[in-house]
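In: Sequence and predicted structure, then a few things I'm wondering about:
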Amino acid sequence: MKSVLVFATVLIVLFSSSCGFKLKGHYYLPESLQTLYLTSTKKFSPLAKQVKIRLSQNKVVLLPKFNVKNAELKILPEQFQRRTLSLFPNGQVAEYELIYQVEFEVRLPNKPAQHFSFELTREFQDDPNNALGKERERELILSELRVLASDRIMSQLNGIK
């Protein structure tokens with residue numbers, strides 16, 4: 001009975017590793033990005049802070065200052081927009097879409113900068129009678145979008161050669 005359990009465990013491990021399964025949040029960055037300098041155009045960018053956390057979790061060495069021999073990841077200004085999706089009968093906004101735009105550049109030694117951009121969206125229902133609660137909900141959604149954006153950045157870094 002014990003050998004059947006061991007055999008089943010081995011099979012599960014083989015199947016999960018052969019199909020490309022990996023734990024969420026773990027990325028295998030190329031050798032050229034294992035040591036890099038992270039910078040942002042905004043001094044205290046929340047997105048840059050989140051990306052820094054993701055890089056540290058993936059054991060990337062972050063340099064304290066720029067060095068031409070290493071890669072540079074530059075987080076460009078993030079942008080939030082909203083688009084009206086529906087209105088209440090009185091003309092107030094009932095629902096809108098939050099649009100989070102992210103841009104970043106990667107500079108590898110002796111290569112031109114590579115520019116990346118993407119958008120993430122979320123729908124948000126507004127309630128003018130509960131403005132304080134809805135503001136807190138909006139802040140939580142924006143925080144979640146930053147986490148998703150940092151994961152997307154890590155995923156895109158994973159594909160750089």
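Out: Here it is on my side, so go on. These figures come from a predicted structure and were not determined experimentally.
In: in a helix, that's where residue 118 is, yeah?
Out: No - membership of residue 118 in a helix is not supported by DSSP: H, G, I helix; E, B strand; the rest coil, which gives strand.
In: So it versus residue 156, what's the distance?
Out: For residue 118, the distance to residue 156 equals 8 Å [C-beta to C-beta, to the nearest Å]. All C-beta spots, glycine's among them, are computed from the backbone N, C-alpha and C.
In: What of residue 52?
Out: Separation of residue 52 from residue 156 (C-beta to C-beta): 16 Å.
In: quick one, which of these two is more surrounded?
Out: The residue with more neighbours, out of residue 52 and residue 156, is residue 52; 18 against 15, by other C-beta atoms under 10 Å.
In: got the contact list for the more buried one?
Out: 38, 62 (C-beta atoms under 8 Å, 6 or more residues apart in numbering).
In: That one should be in a strand, yeah?
Out: No - applying three-state DSSP, one finds residue 52 to be helix, outside a strand.
In: Report the spatially nearest residue to residue 34, omitting neighbours in sequence.
Out: residue 60 (5.9 Å; C-beta to C-beta, 6 or more residues apart in numbering).
In: no, scratch that, I was asking about residue 123
Out: residue 97 is the one closest to residue 123 (C-beta to C-beta, 6+ apart), at 5.5 Å.
In: who does that neighbour bridge with?
Out: residue 83, residue 123 (DSSP bridges).
In: and it, what does it touch?
Out: 82, 83, 85, 121, 122, 123, 124 are the contacts of residue 97 under C-beta under 8 Å, 6+ apart.
In: 6 Å - rerun?
Out: Residue 97 sits next to 83, 85, 121, 123 when contact means C-beta atoms under 6 Å, 6 or more residues apart in numbering.
In: With distance to residue 114, pLDDT and neighbour count as added columns, please give those residues in JSON lines.
Out: Formatted as JSON lines, those follow (distance: C-beta to C-beta, whole Å; pLDDT from 0 to 100; neighbours: other C-beta atoms under 10 Å):
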{"residue": "83", "distance to residue 114": "29", "pLDDT": "90", "neighbour count": "10"}
{"residue": "85", "distance to residue 114": "34", "pLDDT": "85", "neighbour count": "14"}
{"residue": "121", "distance to residue 114": "24", "pLDDT": "93", "neighbour count": "14"}
{"residue": "123", "distance to residue 114": "32", "pLDDT": "89", "neighbour count": "12"}
